[in-house]
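[1] here are the coordinates; sequence isn't available:
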């Protein structure tokens, strides 16, 4: 296994596409953690496949994204946040339990969230990264997204967007 990925680095020096493809080739399990100022985003992998992504930005949270794309109403969002604070359950589980979205919509929403987080990372011009070998969080639903398809989609989207 190539060791340089396990050493922290800067995305100015190592292209994100290269990093993700290398992790896939190595069938890595763990988290690629990227940080820029106070922003921390992580891409979680299992055996080289992206299974989950997370971010400390409120706008990257599942509920916020579902609200933004019109899958839930502001009232449903607020109620789910209330229940989240009371119960400690994941917001996605609450949204399904309250019949605000279906399980399939939750799964699609999670895939959308992962794509949005990864897309935002490709827009970073600087930032530090490190790969941490670990199992993914227990609450994460394993999405098993195809790395090549995901990177191709992100790069097409970046090329199509006005500078």
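    Cool, got the structure. The model shown is predicted, which means the values in this text are computed figures rather than measured ones. Numbering: from 1, shown residues only.
[2] lowest-pLDDT helix or strand in the protein?
    When the helices and strands of the chain are scored by mean pLDDT, DSSP states H and E, helix 147-160 comes last with a mean of 78.
[3] please enumerate the strands of the protein.
    Secondary structure of the chain (DSSP state E): strands located at 9-10, 30-36, 39-46, 49-55, 128-133.
[4] so what does the least confident helix or strand of the chain touch, helix or strand wise?
    helix 16-25, strand 49-55, helix 103-122 (3 or more CB pairs under 8 Å, 6 or more residues apart in numbering; DSSP states H and E). Using the backbone N, CA and C atoms, a C-beta is placed for each residue, glycine as well.
[5] what's near enough to touch the residue nearest to residue 65 when sequence neighbours are not counted?
    Distance criterion CB to CB, 6 or more residues apart in numbering; nearest residue to residue 65, sequence neighbours excluded, is residue 113 at 5.3 Å. Each residue near residue 113 by CB atoms under 8 Å, 6 or more residues apart in numbering is listed here: 53, 60-62, 65.
[6] so which of these sit within helices?
    Per DSSP state H, helices hold the following members of the contacts of residue 113: 62, 65.
[7] ok, the contacts of residue 113 vs residue 91, which is closest?
    residue 62 (5.6 Å; CB to CB).
[8] distance of the closest one relative to residue 150?
    Taking CB to CB, to the nearest Å as the measure, residue 62 falls 18 Å from residue 150.
[9] try residue 129
    Distance from residue 129 to residue 150, counting by CB to CB: 17 Å.
[10] which of these two has more neighbours?
    More crowded of residue 129 and residue 150, by other CB atoms under 10 Å: residue 129, with 24 against 19.
[11] give me the nearest residue to the more buried one, chain neighbours excluded.
    Residue nearest to residue 129 in three dimensions, not counting chain neighbours: residue 34, with 4.7 Å by CB to CB, 6+ apart.
[12] just checking, residue 11 touches residue 123?
    No. If you go by CB atoms under 8 Å, residue 11 and residue 123 don't touch, sitting 10.9 Å apart.
[13] in this protein, which residue is closest to the centre?
    residue 53 (2.2 Å; CA atoms, centre = their mean).
[14] could I get the pLDDT score of that residue?
    Note on residue 53: pLDDT of 90.
[15] renumber starting at 154 from here on
    Let's use 154 as the start, then, which means that last one is residue 206.
[16] thought it was touching residue 273?
    No. Using CB under 8 Å, residue 206 makes no contact with residue 273, being 9.7 Å away.
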